[in-house]
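K.L.:
I would like the atomic coordinates for the input below:
(chains A, B, C and D)
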2 protein chains.
Amino acid sequence: MRVSAKADYAVRAAAELAAAGEEGPVKGERLAEAQDIPLQFLEHILLELKHAGLVRARRGAKGGYWLARPAEEITIADLVRAVEGPIAHVQSDPPESIEYRGNAEHLREVWIAVRANLRAVLEHVSLADLVSGEMPSIVEELSAEPDAWAPR
Amino acid sequence: MRVSAKADYAVRAAAELAAAGEEGPVKGERLAEAQDIPLQFLEHILLELKHAGLVRARRGAKGGYWLARPAEEITIADLVRAVEGPIAHVQSDPPESIEYRGNAEHLREVWIAVRANLRAVLEHVSLADLVSGEMPSIVEELSAEPDAWAPR
DNA sequence: GTGCTCCTGACCAAAGTAGTCAGGAAAGTC
DNA sequence: GACTTTCCTGACTACTTTGGTCAGGAGCAC
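P.N.:
All right, here's what the predicted structure looks like:
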């Protein structure tokens, strides 16, 4: 249940692209510096985002990357899925495809609920929300509770 | 964002222990068979659960494992934490300890919200809920929505 | 055609995952 | 007290994932 460096980097780089907006292609190097990400690793990630259809790019002088869609229409979930694959798997299988036996029969519903709650956050925060800092109400409410900040 | 085999096994084995209740120690072999888990691997997992204080054990004939606390007082989160460590980490660090720069500044709140929503499920389902099939309302509601069962 | 920038595949070290193997140590039975 | 049963523990292994680096090629602008 951890967020990989790749996913974290993908979101951060995309946030920079969202903030750049209409000012034309942004170089990989500038993204790497802005977010302190190893350039060559970032290039691989941006390539994956491109293959997923979230980002576009042009080479050469004046080249760089930009978002394929408006920042309002790209969610954190889109980015995480592009680099990590499905958001919640149990032993490499999606929860709904697992058959539990015996006394663990209802465990599937638990994993389904877990996934649903993950989606409830990740699919509702757009890049526009992220850079503006005006989070959807669900995030506001969850992160407002002091308990949410306790380590455990 | 995946649940490891170890965590899945831990919950399933614990569910069997919860169901066994007061009928005395349950052998590892019986747990392994009931949930189709490799015995030797399961023994390692049960040992971790014991070290975490969730399970107790006795050796020899008539030996076996049992829950250290009533099934109502052990949650899925307890079990997952015992074998996987903290429930939501970003790049091996807890979300509240990360400092984001530039346009990703608000990303921390997103990860905090993600973790809060994970906890909202995992900390509120007890082993007793799991074996009885009577889930807390949050799980009922989440898993009732057809959308929650869609792959994506 | 000469730089600039992205594109792609190959490679690599370290860590994590999912186990197996071999033996030791306590508890109960005869 | 020997014997069996069951847990306890560490060592080991094969495979995959993670988080990168390296080297070169391909497209674009001037």
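K.L.:
can you list contacts of stretch A:79-87?
P.N.:
A:3-4, A:6-7, A:10-11, A:14, A:45, A:48-49, A:51-52, A:54, A:77, A:94, A:115, A:118-119, A:122, B:1, B:151-152 (CB atoms under 8 Å, 6 or more residues apart in numbering or on different chains). C-beta coordinates here come from the backbone N, C-alpha and C atoms, glycine included.
K.L.:
redo that, cut-off 7 Å
P.N.:
Applying CB atoms under 7 Å, 6 or more residues apart in numbering or on different chains, the contact partners of stretch A:79-87 are A:4, A:6-7, A:10-11, A:14, A:45, A:48-49, A:52, A:54, A:77, A:94, A:115, A:118-119, A:122, B:1.
K.L.:
could you find the closest non-adjacent residue to A:A88?
P.N.:
Of all residues not flanking A:A88 in the chain, A:R115 sits nearest, at 3.8 Å (CB to CB, 6 or more residues apart in numbering or on different chains).
K.L.:
wait, the one you found sits on A:P95?
P.N.:
Yes: applying CB atoms under 7 Å, one finds A:R115 in contact with A:P95, separated by 5.9 Å.
K.L.:
any residues in contact with both of these two?
P.N.:
Common neighbours of A:R115 and A:P95, counting by CB under 7 Å, 6+ apart, are A:A88.
K.L.:
run through chain A and note the low-pLDDT ranges.
P.N.:
Filtered on pLDDT under 70, chain A yields no residues whatsoever.
K.L.:
what does it put close to DNA strand C?
P.N.:
A:25-29, A:40, A:43-44, A:46-47, A:50-51, A:57-61, A:63-65, A:91-92 (CB under 7 Å from any atom of the strand).
K.L.:
and the residue lying closest to A:E99 once chain neighbours are set aside, what element?
P.N.:
Leaving aside its sequence neighbours, A:E99 sits nearest to A:R108 (CB to CB, 6+ apart; 7.9 Å). If you go by DSSP states H and E, A:R108 is part of helix A:107-122.
K.L.:
run the chain-centre distance for that helix.
P.N.:
Chain-centre distance of helix A:107-122: 17 Å, with CA atoms, centre = their mean, to the nearest Å.
K.L.:
mind listing the helices for chain A?
P.N.:
Ranges of helices within chain A are A:5-20, A:28-35, A:39-51, A:76-84, A:107-122, A:127-132, A:137-144, based on DSSP state H.
K.L.:
closest one to B:S143 among those helices?
P.N.:
Nearest of those to B:S143, taken as CB to CB: helix A:107-122 at 4.4 Å.
K.L.:
what packs against that closest one?
P.N.:
Here helix A:107-122 touches helix A:76-84, helix A:137-144, helix B:107-122, helix B:137-144, going by 3 or more CB pairs under 7 Å, 6 or more residues apart in numbering or on different chains; DSSP states H and E.
K.L.:
contacts for it, please.
P.N.:
A:75-77, A:80, A:87-88, A:90, A:95-96, A:98, A:100, A:138-139, B:1, B:3, B:11-12, B:76, B:110, B:113-114, B:117-118, B:120-122, B:125, B:130, B:135, B:139, B:142-143, B:145, B:148-149.
K.L.:
what comes up buried for it?
P.N.:
Of all the residues in helix A:107-122, those buried under the rule 16 or more other CB atoms under 10 Å in any protein chain shown are A:107-122.
K.L.:
got it, and stretch A:71-81?
P.N.:
A:71, A:74-81.
K.L.:
cool, and stretch A:78-92?
P.N.:
Those buried within stretch A:78-92 under the rule 16+ other CB under 10 Å are A:78-84, A:86-90.
K.L.:
and if you look at stretch A:13-20?
P.N.:
In stretch A:13-20, counting by 16+ other CB under 10 Å, buried: A:13-20.
K.L.:
do stretch A:91-100 as well
P.N.:
For stretch A:91-100, by 16+ other CB under 10 Å, it's A:94-95, A:98, A:100.
K.L.:
can I get those residues in CSV with distance to B:E33?
P.N.:
Listed next are the buried residues of stretch A:91-100 as CSV, based on distance: CB to CB, whole Å:
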residue, distance to B:E33
A:P94, 26
A:P95, 24
A:I98, 19
A:Y100, 15
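K.L.:
any idea how far DNA strand C is from A:E109?
P.N.:
21 Å (CB to the nearest atom of the strand, to the nearest Å).
K.L.:
roughly how far apart are that residue and DNA strand D?
P.N.:
26 Å.
K.L.:
please state the offset of stretch A:27-40 from the chain centre?
P.N.:
Distance, centroid of stretch A:27-40 to centroid of chain: 17 Å (CA atoms, centre = their mean).
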